[in-house]
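Chemist: Just to be clear, the model below is a prediction. Sequence and coordinates:
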Amino acid sequence: MVKTLRMDQLYFGDNLQVMRESIAAESVDLIYLDPPFNSKRDYNLLFKSPKGHESEAQITAFKDSWHWGEQAEREFDELVHSPNTEVSEMMQALRRFLGENDMMAYLTMMANRLLELHRVLKPTGSLYLHCDPTASHYLKVVLDGVFGKLNFRNEIIWKRTSGRKSGNQLGRIHDVIFLYVKGDGAIWHSPTIEQTNESIRGHDIIREDERYYRLSDLSGAGQGPARIFDGKEIAPPPNRHWMYDQDGVDRLWKEGRIVFNSKGVPRLKKSVEELSELDLGDIWSDIEPINAAAQERLGYPTQKPLALLERIIEASSDDGNVVLDPFCGCGTAVHAAQKLNRKWIGIDITHLAISLIEKRLKDAFKTRLLFEVHGTPKDLEAARDLAKRNKYQFQWWAVSLVEAQPFQGKKKGADGGIDGLKFFHDVDKAGARKIVVSVKGGGLKADDARALNHVRERESAEIALFISLETPTKGMIADAASAGFYTSAVGKKFPRVQLLTIEGLLSGTQRAEHPDHQPDLNFKKAKTEANAKQAGLKL
């Protein structure tokens with residue numbers, strides 16, 4: 001049974017399952033999706049590293065590759081028996097053409113989700129699918145089947161980088177964004193851009209003192225008397241009238257705003273600033289990609305510019321509408337929706353993404369924000385279940401409870417004892433200090449605390465945090481105590497080895513203890529927005 005839609009919502013899980021179980025039909029106004037492109041690459045998330053520490057804190061955010069197997073076969077069977085017979089026939093034809101390969105597995109995954117996205121979209125809604133040439137030609141065929149080829153509106157070209165040498169081919173410098181609507185009544189506000197010296201075009205352009213002007217008609221339809229221009233009476237063209245009275249003409253002449261063309265007809269000189277904005281069109285080259293030095297860069301490998309999502313949301317939705325991003329990654333679409341006073345739903349299949357989005361929204365909107373997080377453990381039993389189902393998702397989630405970075409580096413090996421890193425500054429002590437984090441989802445060993453202290457010493461860390469599902473033994477507690485204390489510059493003592501339980505962290509009875517004079521050492525921080533209109537956070 002589909003639940004009643006509540007806003008704003010952030011979901012951890014497979015978006016296909018989340019949409020089927022939690023999002024009502026025809027409840028969403030705008031969908032933006034930036035799914036994996038099937039590029040067969042691993043994308044690493046790069047975390048912030050304080051000065052003096054190696055940039056070793058990175059982890060594979062997702063693997064952009066698909067393989068034909070049992071799951072693909074199961075989802076393909078659903079498509080074959082779909083009520084949408086056009087999609088069923090199209091997917092069977094694609095399978096005959098492509099065979100059971102990685103591309104077919106990817107298209108099967110996408111087709112099932114696009115059918116659900118079509119279901120949840122309102123009749124006045126639009127969908128933007130962001131992709132690259134790897135699979136764009138196949139995806140458009142799938143979109144035609146799901147939405148109907150008559151509901152295709154645009155293939156938007158976003159220039160995401162500058163030209164570069166690329167062997168024996170042209171440099172690949174753009175992404176594709178397909179725009180489809182559900183029907184003719186879709187919301188639409190045509191995007192425009194300001195006129196510039198570079199964009200102004202036409203035979204009636206003049207240049208003066210490095211500035212450009214356009215010569216415009218001074219007359220309008222209808223009848224009217226002559227006017228005096230530079231001491232000479234001039235009648236308007238046949239069946240026309242001058243758009244200004246004599247005082248207006250005199251003022252414009254005095255300002256140097258009237259010139260004569262080659263036929264002696266008065267023309268109005270308009271500067272670039274006075275000209276109407278231009279319709280944007282389907283080639284977008286005015287939004288810069290997020291480079292390494294960009295202020296909004298959070299380290300997520302496929303992060304898109306906030307300006308790009310703001311343009312899409314403003315074009316195809318109204319104030320208070322619902323925006324859905326089913327592959328929300330680091331949350332640019334939901335950030336833009338919140339900023340523009342839209343309601344939103346975000347879905348991602350990794351706890352890493354969910355924790356990054358939570359932090360991003362809190363940083364950008366502070367306490368003026370209300371959203372619910374679904375699918376992350378809220379109690380000990382749910383945490384145990386996650387640990388059984390997916391060890392790494394559990395580790396990423398547990399590390400986020402102490403606001404540390406997940407860690408996956410060369411030193412980890414089979415199990416180097418490090419699952420997370422955290423940094424802090426101490427008053428009057430130079431440089432950032434390191435904290436190592438270890439997460440244990442299974443049974444505890446007698447020497448776990450001693451082993452972690454050895455890791456701490458090996459890594460030159462001041463503090464080590466041990467997070468476990470089980471309650472530490474008396475022996476572990478004694479070993480942790482024997483590691484001693486880190487003494488801060490103000491004389492406060494912090495245990496070198498701290499034993500924390502999932503239950504204690506969830507209930508708030510335990511927390512990581514360390515100096516915290518510069519709390520933004522561990523994650524790149526989103527710029528604070530000034531227009532959030534809500535308050536609070538629900539988990």
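Modeler: Looks like it arrived, so ask away. Numbering: from 1, shown residues only.
Chemist: going forward, measure contacts between C-alpha atoms and count neighbours the same way
Modeler: Fine.
Chemist: For the stretch 101-250 of the chain, which segments count as strands?
Modeler: Using DSSP state E, counting those that start in this stretch, the strands found in the stretch 101-250 of the chain span residues 121-131, 152-159, 174-181, 192-193, 205-208, 211-217, 219-221, 227-229, 232-234, 240-242.
Chemist: Lowest mean pLDDT across those, which one is that?
Modeler: Ranked on mean pLDDT, the bottom entry among these is strand 205-208, at a mean of 71.
Chemist: what helices or strands is that strand leaning on?
Modeler: Where contact means 3 or more C-alpha pairs under 8 Å, 6 or more residues apart in numbering; DSSP states H and E, strand 205-208 is packed against strand 211-217.
Chemist: which of the residues in the strand it packs on are buried?
Modeler: Using 16 or more other C-alpha atoms under 10 Å as the test for burial, strand 211-217 gives 212-215.
Chemist: Next one: the closest residue to Gly185 other than its chain neighbours from Lys474, what distance?
Modeler: Counting by C-alpha to C-alpha, 6 or more residues apart in numbering, Gly185 lies nearest to Thr124, which is 5.3 Å off, once chain neighbours are set aside. Distance from Thr124 to Lys474, counting by C-alpha to C-alpha, to the nearest Å: 63 Å.
Chemist: When the two are compared, which one has more neighbours?
Modeler: For Thr124 versus Lys474, the count of surrounding residues by other C-alpha atoms under 10 Å is larger for Thr124: 19 against 10.
Chemist: out of the strands of the stretch 101-250 of the chain, which comes closest to Leu380?
Modeler: Nearest to Leu380, of all the strands of the stretch 101-250 of the chain, is strand 121-131, at 36.2 Å by C-alpha to C-alpha.
Chemist: how far off strand 174-181 does the closest one point, in degrees?
Modeler: Per axes from the mean of the first three to the mean of the last three C-alpha atoms, to 10 degrees, the angle that strand 121-131 makes with strand 174-181 is 170 degrees.
Chemist: all helices for the protein, in order.
Modeler: With DSSP state H as the criterion, the chain has helices at 15-22, 70-80, 85-98, 102-120, 136-147, 246-254, 306-316, 332-339, 351-365, 380-389, 391-400, 448-458, 474-482, 502-507.
Chemist: export the second one as CSV, just CAs?
Modeler: In CSV, the C-alpha atoms belonging to helix 70-80 read as follows (Å, rounded to 0.1, in the frame of the first residue of the first chain):
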residue,chain,number,x,y,z
GLU,A,70,19.9,-12.8,-11.9
GLN,A,71,18.8,-9.3,-10.8
ALA,A,72,18.8,-8.0,-14.4
GLU,A,73,16.9,-11.0,-15.5
ARG,A,74,14.3,-10.5,-12.8
GLU,A,75,13.8,-6.8,-13.7
PHE,A,76,13.7,-7.6,-17.4
ASP,A,77,10.9,-10.1,-16.7
GLU,A,78,8.9,-7.3,-15.0
LEU,A,79,9.4,-5.1,-18.1
VAL,A,80,8.2,-7.8,-20.4
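Chemist: So for the residue positioned nearest the centre of the chain, what pLDDT did the model give?
Modeler: For the chain, Thr332 is the residue whose C-alpha lies nearest the centre (C-alpha atoms, centre = their mean; 2.5 Å). What the model reports as pLDDT for Thr332 is 94.
Chemist: Tell me which residues touch it, please.
Modeler: Neighbouring residues of Thr332 by C-alpha atoms under 8 Å, 6 or more residues apart in numbering: 303-306, 309.
Chemist: Output the below-cut-off pLDDT ranges for the stretch 151-300 of the chain.
Modeler: By pLDDT under 70, the low-scoring segments of the stretch 151-300 of the chain are 163-166, 194-205, 210, 273-278, 292-293, 299-300.
Chemist: Sorry, slip of the keys, the one I care about is the stretch 1-150 of the chain.
Modeler: Using pLDDT under 70, the stretch 1-150 of the chain drops low at 1-7, 37-65.
Chemist: Got the confidence number for Asp479?
Modeler: Looking at Asp479, its pLDDT reads 96.
Chemist: ok, now which ones touch it?
Modeler: 449-450.
Chemist: now it: how far from His454?
Modeler: 11 Å.
Chemist: do the same with Ser507
Modeler: 29 Å.
Chemist: likewise Pro123?
Modeler: 61 Å.
Chemist: what do you get for Glu296?
Modeler: For Glu296, the distance to His454 (C-alpha to C-alpha) stands at 38 Å.
Chemist: and what of Asn151?
Modeler: With the distance defined as C-alpha to C-alpha, Asn151 ends up 62 Å from His454.
Chemist: who's more crowded, those two?
Modeler: For the pair Asn151 and His454, the greater number of neighbours falls to Asn151 (18 against 15), based on other C-alpha under 10 Å.
Chemist: That one reaches Gly183, doesn't it?
Modeler: Yes. The pair Asn151 and Gly183 qualifies as a contact (C-alpha atoms under 8 Å) at a distance of 6.5 Å.
Chemist: Does Trp284 have any beta-bridge partners, and if so which?
Modeler: Beta-bridge pairing for Trp284 (DSSP bridges): Trp158.
Chemist: Could you give the number of residues near the residue lying closest to Pro326 once chain neighbours are set aside?
Modeler: Distances taken as C-alpha to C-alpha, 6+ apart put Ile347 closest to Pro326, at 4.7 Å, once the chain neighbours are dropped. If you count neighbours by other C-alpha under 10 Å, Ile347 ends up with 26.
Chemist: Report the separation between Ile347 and Tyr32.
Modeler: As for Ile347, its distance to Tyr32 is 12 Å (criterion: C-alpha to C-alpha).
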